[in-house]
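**Q** return atomic coordinates for the entry below.
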Amino acid sequence: MEEKSAKLQNLFALLTFFKPYRRQTFFAFLALLITALMVLFFGKIIKYIIDYGFVKQDQHLLNLSLFAFIIAVIIMAVAGYYRSSLINSVAEKVIADLRKKVYNHIIHVSSEFFEITKSGDVVSRLTVDTALLYETLSSTISFLLRNSLFFVGGICLLFFTSVKLGLLTMLIIPLAIAPVIFMGKSVKNLSKHSQAALAEVGSHIEESINGIKTIQSYLCEEKESRNFSGFIDNALKISLEKIRLKSLMVALVITFAFGGIALVLVCGGNDVISGKMTSGALSSFIFYSIITATSLVSLSQIAGQLQTASAASARIFELLKIDSPVKEVKDPQPFSLSKEINIKFENVNFSYPSRRENLVLRNFNLEIKPREKIAIVGSSGAGKSTILQLLLRFYDINSGIISLNNRDINLLSFSDLRKNFSYISQDCFIFSGTIFENIAYADKSTTKAQVEKIISENSALHFINNLPEKIDNFVGEKGIKLSGGQRQRIAIARSIIKDSPILLLDEATSALDNQNEKVIAQAIADLAQDKTTITIAHRLSSIINADRIIFIKDGNIAEIGSHQDLIARNGFYKKMYEAEILEII
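**A** Next comes the predicted model:
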């Protein structure tokens, strides 16, 4: 019952996307109805042509019948054109709207979802599964309705032509439908497994492309090829089993349907010989029998396609049903952009959703004053980067309060909260596009003149003017055409444009060589002037001028003070600093 209810929910959810296109959909189905009626009308024309044109040799009625046939063909052709044009255009628009809605939902889901979900699976649902739904909307549903009209209309006209033969046909139909009823569920399950297997293939391809340098440097090309072959073979095995089952289902339907027509032909032939039925009536009956049988066969094939589409729609709507654990408050408190922001952590406890039993922060308390330069250090896994992610509300804390100017950040809108922060990480993300598009990413109103001015005023960005297309230079996917240092500089320029009062630096220079680190450090120092700055540092030499340095250990503050204070204290910080000095020596 729950599975059937879920199917109906997905169906009704999909139907809501047709609301903006009700008018086009109505005329499309009207054209479909006219097309179906014209086809059924051919049966009557056949009867008149045979009985009056051929048997009675009435030239006038023969000419009228042929004229009616030509008119019906013209009407059917015109209606068919509008049916195809309208249905396909509506299907394109519906799928476009669906993709937009799913993407818009996913882009607002919190980070937790992306930690436990393969990106390739999401891509597969947005592309492969929606493409399957497009085929369903543009073709399958049209075929379903048209063949349903043929089937129902054919049955009615069969009885109208001959009650006895109509009853005989009705006895045959349940046999023809039985394979669809008994095998349809298995086809649907295989379709769902097939889509999941294809998603695995997509995920593996994406992962391999992202890790191509690692694969090649470790000489693991053959290993990855074998792994990929395993995914492909698994998907192929499921698809072949689905094809076998669908083919068997269609073969059984064809056998029962056309075997029934043969039986009807024998009985009808006897009626013609005995004079109980005219040749035209039998020809018309056979025409309707063929229409009924072929529509039944088509419906059996459509049933399999609908099972596949049902599985695809379920996977798509699963994305829409994802409930982000980090929710924006319905009635947020207003909070304006300001350089006078006091940040406070009060008794904060936090653990990642996937590891609830492991507290990353324990009764964490910290206050940061406006324009203060704070550096956070500690061993790997101590919770340093977590502090920045909690400030941006990528996650919600277990307990305690994080506030800006004594306002709980949970009571602020995401927009009001995050516009106060500029975030630069070690692995800064560069979008496929031009340098200008990346720098102006956060502000659509940014002009090229503004970006060029920023470049001229910041020596770290002068490299851009040496590129062939300057700010219009294409950077490649994920900024592959840029070096690590250049990508970092683009991220800094992006933050200059945003001009937020609080700067969050998550090991922004740890992956750079000494020369690049000095250039980036100076660019960051220029950017950080008159801003509150929180720096997660790997190299302690880069943060010795911070107002306060906070040493995190086991999710709490072990030491806090200036560089000189902590060195004099002879504690954790001093040991880490001395170890770094020894590494340099």
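
**Q** just say helix, strand or coil for Val326.
**A** Three-state secondary structure (criterion: DSSP: H, G, I helix; E, B strand; the rest coil) places Val326 in coil.

**Q** was I right about it contacting Ser110?
**A** Yes. Counting by CB atoms under 8 Å, Val326 does reach Ser110; the two are 3.8 Å apart. All C-beta atoms are positioned from the backbone trio N, CA, C, and that covers glycine.

**Q** joint contacts of these two?
**A** In the contact map built from CB atoms under 8 Å, 6 or more residues apart in numbering, the residues linked to both Val326 and Ser110 are 394-395.

**Q** how about the nearest residue to Glu477, chain neighbours excluded?
**A** For Glu477, the nearest residue in space outside its immediate sequence neighbours is Ser432; the separation is 4.7 Å by CB to CB, 6 or more residues apart in numbering.

**Q** need the per-residue pLDDT for the one you found.
**A** In the predicted model, Ser432 carries a pLDDT score of 80.

**Q** helices or strands up against the helix ranked longest in the chain?
**A** Of all the segments assigned as helix in the chain under DSSP state H, the longest by residue count is helix 221-273. Counting contacts by 3 or more CB pairs under 8 Å, 6 or more residues apart in numbering; DSSP states H and E, helix 221-273 is packed against helix 163-210, helix 279-320.

**Q** show me how far that helix is from its chain's centre.
**A** Relative to the centre of its chain, helix 221-273 is centred 31 Å away, using CA atoms, centre = their mean, to the nearest Å.

**Q** what is the mean pLDDT for that helix?
**A** For helix 221-273, the per-residue pLDDT values average out at 82.

**Q** that helix to helix 163-210, inter-axis angle?
**A** Computed with axes from the mean of the first three to the mean of the last three CA atoms, to 10 degrees, the direction of helix 221-273 lies at 170 degrees from that of helix 163-210.

**Q** any idea of the mean pLDDT in the helix or strand hosting Asn365?
**A** Under DSSP states H and E, the secondary-structure element containing Asn365 is strand 361-368. Strand 361-368 shows a mean pLDDT of 90 in the predicted model.

**Q** direction included, what does whichever helix or strand comes after that strand pair against?
**A** Per DSSP H and E, strand 361-368 leads on to strand 373-378 as the next helix or strand towards the C-terminus. In the sheet, strand 373-378 lines up against strand 532-536 (parallel), strand 548-553 (parallel) (DSSP bridges).

**Q** highest mean neighbour count out of the ones you listed?
**A** Neighbour counts averaged per stretch over these are highest for strand 532-536, at a mean of 24; criterion: mean count of other CB atoms under 10 Å.

**Q** burial count for the closest residue to Gly166 other than its chain neighbours?
**A** Using CB to CB, 6+ apart and skipping the chain neighbours, the partner closest in space to Gly166 is Phe159 (3.8 Å). By the measure other CB atoms under 10 Å, the count of residues near Phe159 is 15.

**Q** what does Gly259 give?
**A** 14.

**Q** also Lys384?
**A** Counted with other CB under 10 Å, the burial measure for Lys384 works out to 24 neighbours.

**Q** likewise Ile290?
**A** Applying other CB under 10 Å, we find 15 other residues in the vicinity of Ile290.

**Q** do the same with Ile34
**A** Ile34 has 17 neighbours, counted by other CB under 10 Å.

**Q** quick check: which element contains it?
**A** Secondary structure here is read from DSSP H and E; on that basis Ile34 sits in helix 22-48.

**Q** so for that helix, mean pLDDT?
**A** 85.

**Q** now the angle from that helix to helix 279-320?
**A** Computed by the same axes, to 10 degrees, the angle between helix 22-48 and helix 279-320 is 160 degrees.

**Q** buried stuff in helix 22-48?
**A** 24-25, 28-29, 31-32, 34-36, 38-48 (16 or more other CB atoms under 10 Å).

**Q** check stretch 327-346 too.
**A** By 16+ other CB under 10 Å, the buried positions in stretch 327-346 come out as 335, 341, 343-345.

**Q** next one: stretch 102-109
**A** By neighbour count, with 16+ other CB under 10 Å as the criterion, the buried positions of stretch 102-109 are 102, 106, 109.

**Q** contact partners of it?
**A** With CB under 8 Å, 6+ apart as the test, stretch 102-109 has contacts from 113, 122, 125-126, 130, 316, 319-320, 322, 324.

**Q** one more: stretch 435-446?
**A** Contacts of stretch 435-446 from elsewhere in the structure, counted by CB under 8 Å, 6+ apart, are 430-431, 448, 450-451, 454, 464, 467, 470-473, 475, 479, 490, 493-494, 497-498.
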